[in-house]
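**Q** got a predicted structure here, sequence first:
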2 protein chains.
Amino acid sequence: MREDDLVRLIARHAGAVPEGDVGIGDDAAVVSGRWILAHDMLVEDVHFRWAWATPADVGHKALAVNVSDVAAMGAEPRAVVVGLALGPGPLSGDGAVASLYDAMTALAGRHGCAIVGGDTSSSATTVVGVTVLGACPTDVAPVRRDTARPGDALYVTGTLGAAAAGLAVLEGHAAASHDPDGALRAAQRRPEPQTAHGVALARAGARAMIDCSDGLARDVGRLAAASGLAAVVDLDAVPTAPGVADVARAVGADPGVFAATGGEDYALIAAFAPGATLPADVPLTCIGRLEPGSGVRFTPDGRVPSGAALGWQHDLP
Amino acid sequence: MREDDLVRLIARHAGAVPEGDVGIGDDAAVVSGRWILAHDMLVEDVHFRWAWATPADVGHKALAVNVSDVAAMGAEPRAVVVGLALGPGPLSGDGAVASLYDAMTALAGRHGCAIVGGDTSSSATTVVGVTVLGACPTDVAPVRRDTARPGDALYVTGTLGAAAAGLAVLEGHAAASHDPDGALRAAQRRPEPQTAHGVALARAGARAMIDCSDGLARDVGRLAAASGLAAVVDLDAVPTAPGVADVARAVGADPGVFAATGGEDYALIAAFAPGATLPADVPLTCIGRLEPGSGVRFTPDGRVPSGAALGWQHDLP
């Protein structure tokens, strides 16, 4: 079953949330109006391999992906709990567990939150589950993904494709010479979530927001579907990170399509009303718009082959 | 490394929490004064086996153990997020995933909370990580485990030993004929957390509280150690659940010691000042007291063999 189908099945069996709150189906939940609850896992050999990720990399990324979900609601992280199921391998040593927590603590400190608890267990395979409790600043309401309107313009922060290109190098699909300074591999192993950008976009009046974890094409599709709209994405406008085009060509992909479908950059995608004043301190590129209808259409026509996978399904290639 | 040692290592590497809040080392964390955050996992072949637990059992229990941690702070659960790492086995079917969530939703409904989000992934082994966000009622402050004082009396809610006896039957160490109506096995598979009791104990002025997840002896020891005190536990006073003594004898154990060291009953242990008025609506048994010093001493002398394991270390026998 595909991830989105499983989430829909779970949502049908998970009951209702109190009026005004947000349950399953957004980047994170909203509880009591302004508290935000996000939970994501990293699973060994699904989201990372010990062959190319250190315990510190795994700790960093497990927290980063959750802080990104909180940022996509326009909120700031406050408290973190960690479930650490320790499989055989690097984490069987005390020093490695300490290193994993040191990396999480460093990232938490940069984003204003603290690790406050959790659980550990032995396990046949390593699973790192992280929950972040966040809160919106008092002048910001949580930004959902289902509140965009027809005519809204779609923007993405920063550049895309670096993390997917880094994964291609780490998994041996492209040569390390395509990543001479290691920036692409670092983007895959140590993404920095965009907390300040998320709050700035919410404060500037973003009508809907989602984090770009599974690739621009898929995540724009989710925002559009949640809002009951169609999305049009201009592949020529997608801001591609330096070095990504070379890796894309090395794996036989169209660079624009590669950047638009590679996941894990943890950029933010925001919908703004046409003519809205954008925040000056956030690097934004307009990559499309929302229209009445459903689905995602790419321009120029035909660049994304019909039936192609539109993004990361949380499995290593 | 034993679980308590690993928790201490993690606490050293997890940084500080804001003044007035509670971080690693209690049943759950306290954030912004009255919000409670608990996270516990169930891991396949560590906490349960598919040979004797259904997906609904696992869903129920994964939530129950977290609601119990929230109750031990004197708080009520509000929102739940679930990380479901799906190994091969029963959960590979959609119906089983639905059944797991249905059981969690039913339990959540009984305790006034809702499942609001989470994450799923494939995995080599099943890990169910649950985070519960709770809140103290406005007239109750969170009850910590490190605030007991010398002379406090120790009480436990309900009876003990049923879950450990059920596990002995499920694992084949005692015959099913010792559990003719299945009550012991149900206590192991479907424990009901004591939310109302936790709030009532907090409201009555419990000076310290902990949930009895790893066995009375171990958990009393944790409360005493956190408070910088010694505990004296009267084994003759331990309230033993019906049917437990038979199973204890079948596995060659002293029934009182079995009930005092078997885990997973999810009763609550509370310290009260001597002479405090106890809540009338909570079934309480005084099982000992706190004194200056350290460690746990059992009376009558010699019933717990020196060097014996004092409780469940989160591993199946």
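**A** Yep, it's here.
**Q** so which residue of the stretch 151-300 of chain A comes closest to chain B?
**A** residue A:213 (10.9 Å; Cβ to the nearest Cβ). Backbone N, C-alpha and C define where each C-beta goes, glycine included.
**Q** so what's the backbone phi/psi at that residue?
**A** phi -100, psi -30 (degrees, to the nearest 10).
**Q** how about the helices in the stretch 1-150 of chain A?
**A** A:3-13, A:55-71, A:94-110 (DSSP state H, counting those that start in this stretch).
**Q** centre of the chain versus the longest strand belonging to chain A, how much separation?
**A** Scanning chain A for the strand with the most residues, using DSSP state E, yields strand A:76-86. Taking the mean of its C-alpha atoms, strand A:76-86 sits 17 Å from the chain's own mean (Cα atoms, centre = their mean, to the nearest Å).
**Q** can you give me the angle that strand makes with helix A:55-71?
**A** 140 degrees (axes from the mean of the first three to the mean of the last three Cα atoms, to 10 degrees).
**Q** starting from strand A:76-86, tell me which strands it pairs with and how they run.
**A** strand A:114-122 (parallel), strand A:127-135 (antiparallel) (DSSP bridges).
**Q** mean neighbour count, those strands: which tops it?
**A** Ranked by mean neighbour count under mean count of other Cβ atoms under 10 Å in any protein chain shown, these are led by strand A:127-135, which reaches a mean of 30.
**Q** tell me what angle that one forms with helix A:94-110.
**A** Using the same axes, to 10 degrees: strand A:127-135 against helix A:94-110 is 20 degrees.
**Q** can you name the next helix or strand after strand A:127-135?
**A** Counting by DSSP states H and E, the next helix or strand C-terminal to strand A:127-135 is strand A:153-157.
**Q** what is that following strand packed up against?
**A** helix A:216-226, strand A:267-272, strand A:284-292 (3 or more Cβ pairs under 8 Å, 6 or more residues apart in numbering or on different chains; DSSP states H and E).
**Q** hang on, the earlier thing: which one of the helices of the stretch 1-150 of chain A lies nearest to residue B:114?
**A** helix A:3-13 (11.9 Å; Cβ to Cβ).
**Q** quick check: which ranges of the stretch 1-150 of chain A have low pLDDT?
**A** A:1 (pLDDT under 70).
**Q** so what's the residue lying closest to residue A:137 once chain neighbours are set aside up against?
**A** Excluding its sequence neighbours, the residue lying closest to residue A:137 (Cβ to Cβ, 6 or more residues apart in numbering or on different chains) is residue A:199, at 6.2 Å. Listed by Cβ atoms under 8 Å, 6 or more residues apart in numbering or on different chains, the contact set of residue A:199 reads A:71, A:74, A:75, A:76, A:137, A:140.
**Q** which of the residues you listed sits closest to residue B:33?
**A** residue A:76 (17.5 Å).
**Q** verify the stated contact: the closest one with residue A:132.
**A** No: here residue A:76 does not reach residue A:132: they are 10.0 Å apart, not a contact under Cβ atoms under 8 Å.
**Q** what residues do these two have in common as contacts?
**A** A:70, A:113.
**Q** picking that back up, could you dump the helices of the stretch 1-150 of chain A into TSV with mean neighbour count added?
**A** Formatted as TSV, those follow (neighbours: other Cβ atoms under 10 Å in any protein chain shown):
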stretch	mean neighbour count
helix A:3-13	16
helix A:55-71	27
helix A:94-110	19
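**Q** among those helices, which comes closest to residue A:270?
**A** Once these are compared by Cβ to Cβ, helix A:55-71 is nearest, at 11.0 Å.
**Q** and the residue nearest to residue A:137, how far from residue A:12?
**A** Residue A:199 sits at a distance of 33 Å from residue A:12 (criterion: Cβ to Cβ, to the nearest Å).
**Q** kindly report the same for residue A:87.
**A** 32 Å.
**Q** likewise for residue A:151?
**A** Residue A:151 is 32 Å from residue A:12, by Cβ to Cβ.
**Q** same check, this time on residue A:296
**A** Residue A:296 is 24 Å from residue A:12, where distance means Cβ to Cβ.
**Q** repeat for residue A:23
**A** 12 Å.
**Q** likewise for residue A:235?
**A** For residue A:235, the distance to residue A:12 - Cβ to Cβ - is 35 Å.
**Q** tell me the centre residue of chain A?
**A** Nearest to the geometric centre of chain A sits residue A:213, at 2.5 Å (Cα atoms, centre = their mean).
**Q** pLDDT score for that one?
**A** We note a pLDDT of 95 for residue A:213 in this prediction.
**Q** next up, the contacts around it.
**A** Per Cβ under 8 Å, 6+ apart, neighbours of residue A:213: A:65, A:68, A:69, A:219, A:263, A:264, A:266, A:312.
**Q** doesn't residue A:191 make contact with residue A:71?
**A** No: using Cβ under 8 Å, residue A:71 is not in contact with residue A:191; the gap is 11.7 Å.
**Q** please, where are all the strands along the stretch 201-317 of chain A?
**A** Counting by DSSP state E, counting those that start in this stretch, the stretch 201-317 of chain A has strands at residues A:208-212, A:229-234, A:267-272, A:284-292, A:296-299.
**Q** export the longest one as CSV, just CAs?
**A** What that stands for is strand A:284-292. The C-alpha atoms that make up strand A:284-292 are tabulated as CSV, following Å, rounded to 0.1, in the frame of the first residue of the first chain:
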residue,chain,number,x,y,z
LEU,A,284,11.1,32.6,-2.4
THR,A,285,10.6,31.4,-5.9
CYS,A,286,7.2,31.3,-7.6
ILE,A,287,6.8,27.9,-9.1
GLY,A,288,3.2,27.8,-10.1
ARG,A,289,-0.4,28.5,-9.1
LEU,A,290,-3.6,26.9,-7.9
GLU,A,291,-6.7,26.5,-10.1
PRO,A,292,-10.2,25.0,-9.8
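**Q** and the angle from it to strand A:229-234?
**A** Going by the same axes, to 10 degrees, strand A:284-292 makes 140 degrees with strand A:229-234.
**Q** mind giving me the packing neighbours of strand A:284-292?
**A** strand A:153-157, helix A:216-226, strand A:229-234.
**Q** mean pLDDT and mean neighbour count for the ones you listed - can I get that in a markdown table?
**A** Shown next, in a markdown table, are these (pLDDT from 0 to 100; neighbours: other Cβ atoms under 10 Å in any protein chain shown):
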| stretch | mean pLDDT | mean neighbour count |
| --- | --- | --- |
| strand A:153-157 | 98 | 24 |
| helix A:216-226 | 96 | 24 |
| strand A:229-234 | 96 | 21 |
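**Q** now distance to residue B:52 too, for those, in CSV please.
**A** Shown next, in CSV, are the helices and strands packed on strand A:284-292 (distance: least, Cβ to Cβ, whole Å):
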stretch, distance to residue B:52
strand A:153-157, 49
helix A:216-226, 39
strand A:229-234, 48
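**Q** minimum distance to residue A:286: which of the ones you listed has it?
**A** When the helices and strands packed on strand A:284-292 are compared by Cβ to Cβ, strand A:153-157 sits nearest residue A:286, at 5.4 Å.
**Q** got the angle for the closest one vs strand A:229-234?
**A** Using the same axes, to 10 degrees: strand A:153-157 against strand A:229-234 is 60 degrees.
**Q** circling back: so can I have JSON lines of the helices of the stretch 1-150 of chain A showing distance to residue B:6?
**A** Output for these, formatted as JSON lines (distance: least, Cβ to Cβ, whole Å):
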{"stretch": "helix A:3-13", "distance to residue B:6": "31"}
{"stretch": "helix A:55-71", "distance to residue B:6": "14"}
{"stretch": "helix A:94-110", "distance to residue B:6": "7"}
